[in-house]
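Asks: here is a sequence with its predicted model. Questions after.
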Amino acid sequence: MEDFGGLLMLGFLWLVFSLMSRGKTQQTRRRPGSPLPPAPPPASGDATQREGGRLEALLREFERALEQGQATGPLGRPSTVRLPPAEEVEERDSLEAAPVVVSLEEDVVRPERVRVSEDDTAERLVARRIAAGAKRSGPLTRADHLAFDQRIRQEPADATAVRRLSVEQLRRAVVWREVLGPPVSLRDRER
C-alpha cells in the first residue's frame, strides 16, 4: 500500500509539472500583455476528470498571479527603478581580526593556613563543664538555704491574685461576648 501512495504522488507531481510546462509553451506563443484565454468549462466526466479540470484552473490562476507579479516590484509597487544585484552591494570587508593573546595566569599570594586542633578546643570545653558541675554538685549549707529564702521572698506573695471587676466592666464583657461569640442558634443548649 505504501508503494501505491508513492506512485500516486509521483503521478501527481508529473501532472503538475506537465501542466506548468504546457502553460509556459502557451505563454511564449501569446503576447505578454494579452489576457489569458478563459479556462475551458469543467467537463461532466468522472471525478478524476473534474479534479483535473479544477487543478488546471488553479494553475491558470497561479500563472495570472505570476504575470502580474513580474509587472510589479517588491511589495507590489510598480517596478520603475531597477535595484542593483546583491553581489554588487554586499560588503567585501572581512570581519575577522588578528587574534590577541592575553595571558590570564597570575601568581596568587595566599596567607599561610592556620593549624587548628579540635582536640585543644574540646579539652577546654570539657574542663569548663567539669568546673561548672563541681560548683553545683557540692552539699548545700545553711547559708545556701538562707540565700534562696531571701531571693524568693523578694517576689510578690500572690502572683495569681485576680483583681475584682466592676459592674460596668462585667456588663461590657457580656456585650462583647454577644457581639464576638457564636450566634444564639449555634450555642449549646445544656439546660
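Replies: Okay, I see it. Quick caveat, the model's predicted, so the values are computed rather than measured. Numbering: from 1, shown residues only.
Asks: and whatever helix or strand L58 lives in, what does it pack onto?
Replies: Element membership for L58 (DSSP states H and E) is helix 47-71. If you count contacts as 3 or more C-beta pairs under 8 Å, 6 or more residues apart in numbering; DSSP states H and E, helix 47-71 packs onto helix 2-29. For the C-beta atoms, the positions are set from N, CA and C on the backbone; glycine is no exception.
Asks: how big is the angle separating the helix it packs on from helix 47-71?
Replies: Per axes from the mean of the first three to the mean of the last three C-alpha atoms, to 10 degrees, the angle that helix 2-29 makes with helix 47-71 is 50 degrees.
Asks: what's the mean pLDDT across helix 2-29?
Replies: Average pLDDT, helix 2-29: 77.
Asks: cool, stretch 56-63 as well?
Replies: 90.
Asks: give the buried residues for it.
Replies: 56, 59-60, 63 (16 or more other C-beta atoms under 10 Å).
Asks: and those residues as CSV, adding distance to E96?
Replies: Rendered in CSV, the data for the buried residues of stretch 56-63 read as follows (distance: C-beta to C-beta, whole Å):
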residue, distance to E96
E56, 54
L59, 48
R60, 52
E63, 47
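Asks: coming back round to it: off-centre distance for the helix holding L58?
Replies: 46 Å (C-alpha atoms, centre = their mean, to the nearest Å).
Asks: over to stretch 168-186?
Replies: 53 Å.
Asks: average model confidence for that stretch?
Replies: 91.
Asks: how about that stretch as PDB, C-alpha atoms only?
Replies: Output of stretch 168-186 as PDB, limited to C-alpha atoms (Å, rounded to 0.1, in the frame of the first residue of the first chain):
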ATOM      1  CA  GLU A 168     -19.700  48.200  84.300                       C
ATOM      2  CA  GLN A 169     -16.800  46.100  83.200                       C
ATOM      3  CA  LEU A 170     -18.900  42.900  83.600                       C
ATOM      4  CA  ARG A 171     -21.700  44.500  81.500                       C
ATOM      5  CA  ARG A 172     -19.200  45.400  78.700                       C
ATOM      6  CA  ALA A 173     -17.800  41.800  78.800                       C
ATOM      7  CA  VAL A 174     -21.300  40.300  78.300                       C
ATOM      8  CA  VAL A 175     -22.000  42.700  75.400                       C
ATOM      9  CA  TRP A 176     -18.700  41.900  73.700                       C
ATOM     10  CA  ARG A 177     -19.400  38.200  74.200                       C
ATOM     11  CA  GLU A 178     -22.700  38.700  72.400                       C
ATOM     12  CA  VAL A 179     -21.000  40.600  69.600                       C
ATOM     13  CA  LEU A 180     -18.000  38.400  69.100                       C
ATOM     14  CA  GLY A 181     -19.400  35.000  70.200                       C
ATOM     15  CA  PRO A 182     -21.300  32.400  68.100                       C
ATOM     16  CA  PRO A 183     -24.900  33.100  67.100                       C
ATOM     17  CA  VAL A 184     -27.600  32.100  69.600                       C
ATOM     18  CA  SER A 185     -28.800  29.400  67.200                       C
ATOM     19  CA  LEU A 186     -25.400  27.700  67.300                       C
END
